[in-house]
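S.K.: No letters, just coordinates:
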C-alpha cells in the first residue's frame, strides 16, 4: 500500500492597511498575510497545524511577524476607518 503525505504552505491576504514602513521609511500599503502550514494526504489538505501572520510592505517587500491579536486588531481598525 502506498501512502502519500506531506505539507503545503498557503498564504492569504487578511487585510490591507497603509502606514510608513519601518524598513524603507516610505508610506505604502501593507498586506497583512496569514500563512497556514497544512497537512496533506494524497495531495488533499486535511488540517492546518501551524498558522502565522506577517505584515508585508508592498514597496520594499520587507516582512514583520505579527501575533494573531495584532492581525485581528488591524481588521477592527480598518473597519472603524470606513
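M.R.: Cool, got the structure. Treat the numbers as computed from the prediction; the structure is a model and nothing was measured.
S.K.: who does the helix or strand residue 46 falls within pair up with?
M.R.: Assigned by DSSP states H and E, residue 46 belongs to strand 44-57. Using DSSP bridges, the strands paired with strand 44-57 are strand 27-41 (antiparallel), strand 63-66 (antiparallel).
S.K.: How far off centre is the first one?
M.R.: Translated: strand 27-41. Computed by C-alpha atoms, centre = their mean, to the nearest Å, the separation of strand 27-41 from the middle of its chain amounts to 2 Å.
S.K.: Can you give the contact residues for that strand?
M.R.: Contact with strand 27-41 is made by 3-21, 45-60, 66, 71, 74-75, as judged by C-beta atoms under 8 Å, 6 or more residues apart in numbering. Just so you know, the C-beta spots here come from the backbone N, C-alpha and C atoms, and that holds for glycine as well.
S.K.: Filter those down to the buried ones.
M.R.: Among the contacts of strand 27-41, those buried by neighbour count (16 or more other C-beta atoms under 10 Å) are 15, 21, 53, 54, 55, 56, 57, 66, 71, 74.
S.K.: surely the first one meets residue 79?
M.R.: This means residue 15. No. The criterion here is C-beta atoms under 8 Å, and residue 15 misses it with residue 79 at 9.5 Å.
S.K.: intersection of neighbour lists for these two?
M.R.: Between them, residue 15 and residue 79 share no contacting residue, judged by C-beta under 8 Å, 6+ apart.
S.K.: just to revisit the earlier point, would you turn the buried ones among the contacts of strand 27-41 into JSON lines with pLDDT and distance to residue 38?
M.R.: Formatted as JSON lines, those follow (pLDDT from 0 to 100; distance: C-beta to C-beta, whole Å):
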{"residue": "15", "pLDDT": "92", "distance to residue 38": "21"}
{"residue": "21", "pLDDT": "90", "distance to residue 38": "30"}
{"residue": "53", "pLDDT": "96", "distance to residue 38": "16"}
{"residue": "54", "pLDDT": "96", "distance to residue 38": "17"}
{"residue": "55", "pLDDT": "95", "distance to residue 38": "22"}
{"residue": "56", "pLDDT": "96", "distance to residue 38": "20"}
{"residue": "57", "pLDDT": "95", "distance to residue 38": "26"}
{"residue": "66", "pLDDT": "94", "distance to residue 38": "20"}
{"residue": "71", "pLDDT": "91", "distance to residue 38": "18"}
{"residue": "74", "pLDDT": "88", "distance to residue 38": "23"}
